[in-house]
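Peer 1: quick one, fold the following:
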Amino acid sequence: MKRGEDWFIREDWTPYYRWLEPRLFHPGRWAVIPDAPGAPSQLNDSLLPEWPFGQKGAPLWHMDGPIDRLLRLCEQFDRVCLGWTGAGKTLDTPEYHARMEEVAAALGNQWPVLHMMRGTAVAHLYPFTSADSTSLAQNGWRYDTAFDFGDRWAGRRAYADALERGGVRGRLPVHHPEPQRPRGAPALRPDNDRVAAQLGLW
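Peer 2: Below is the predicted model:
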């Protein structure tokens, strides 16, 4: 991208796989299968057979790609990641919610296991199984405190909970006040989950 190319394919992922292998040993751990953002879907599909760790990997569906590919990935893998590639790469936009409505219509009431990349700010709006946050990685340290009562992660966990509930984000655009969740699909977490007031302590 720095060279002005639309996308770039690394020829050899062996060093990454070697680094990753001991980290995937523990049950429940998984990693994102490498691909090339912006590359055609067919090219990214060709990289999937090179993944050496089976269902411990989750392919990434770029949300500007065909929804048919998302459905196909959901049939092939236990978990699929969604990556927003739309306007401004900001998730909480009318364009993002419109695309998610198309995804919801395609998935119906039975959502597979989906992980939203950089998506904790919108995770409570859709039935994602998990989400990650660059904001948490960059700003979580700001919520560390000496008054953690022996739990050194208390502040960061409270910040993560607030991100998931939408407690540290702006209001939705006026023209899209209530993003639609498929009928019968559960929220990511119950509203009364854990320490909403903790952020006020520090």
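Peer 1: distance check, residue 31 against residue 84.
Peer 2: 20 Å (C-beta to C-beta, to the nearest Å). To be clear about C-beta, it is placed using only N, CA and C from the backbone, and glycine gets the same treatment.
Peer 1: kindly report the same for residue 35.
Peer 2: Residue 35 is 15 Å from residue 84, where distance means C-beta to C-beta.
Peer 1: helix, strand or coil: sort out residue 39 for me.
Peer 2: Here residue 39 is coil, with the state taken from DSSP: H, G, I helix; E, B strand; the rest coil.
Peer 1: give me the most central residue, the chain.
Peer 2: Centroid-nearest residue in the chain: residue 116, 2.0 Å away (criterion: C-alpha atoms, centre = their mean).
Peer 1: OK, contacts around that one?
Peer 2: 81, 82, 91, 122, 123, 126, 128, 130, 131, 132 (C-beta atoms under 8 Å, 6 or more residues apart in numbering).
Peer 1: pretty sure the last one sits against residue 123.
Peer 2: No - assessed by C-beta atoms under 8 Å, residue 132 is found out of contact with residue 123, at 9.4 Å.
Peer 1: for stretch 43-60, buried residues please.
Peer 2: Within stretch 43-60, the residues scored as buried using 16 or more other C-beta atoms under 10 Å are 44, 45, 47, 51, 56, 57, 58, 59, 60.
Peer 1: could you check the pLDDT of the fourth one?
Peer 2: pLDDT recorded at residue 51 is 95.
Peer 1: what does the first one give?
Peer 2: Looking at residue 44, its pLDDT stands at 89.
Peer 1: can you count the residues close to the closest residue to it other than its chain neighbours?
Peer 2: Using C-beta to C-beta, 6 or more residues apart in numbering and skipping the chain neighbours, the partner closest in space to residue 44 is residue 35 (4.3 Å). Counted with other C-beta atoms under 10 Å, the neighbours of residue 35 add up to 24.
Peer 1: tell me the SS of residue 35?
Peer 2: Under three-state DSSP, residue 35 comes out as coil.
Peer 1: ok, it touching residue 60?
Peer 2: Yes - the pair residue 35 / residue 60 is scored as a contact, 5.5 Å apart, by C-beta under 8 Å.
Peer 1: identify the contacts common to those two.
Peer 2: Joint contacts of residue 35 and residue 60 (C-beta under 8 Å, 6+ apart) are residue 44.
Peer 1: could you check the pLDDT of the nearest residue to the residue nearest to the centre of the chain once chain neighbours are set aside?
Peer 2: Once flanking residues are discounted, residue 116 sits nearest to residue 131: 4.2 Å by C-beta to C-beta, 6+ apart. Here, the pLDDT recorded for residue 131 equals 87.
Peer 1: how about residue 131, what does it touch?
Peer 2: Taking C-beta under 8 Å, 6+ apart, one finds 115, 116, 117, 118, 119, 120, 122, 123, 164, 188 in contact with residue 131.
Peer 1: so which of the residues you listed is the closest to residue 11?
Peer 2: Of all the contacts of residue 131, residue 11 sits closest to residue 117, with 24.0 Å by C-beta to C-beta.
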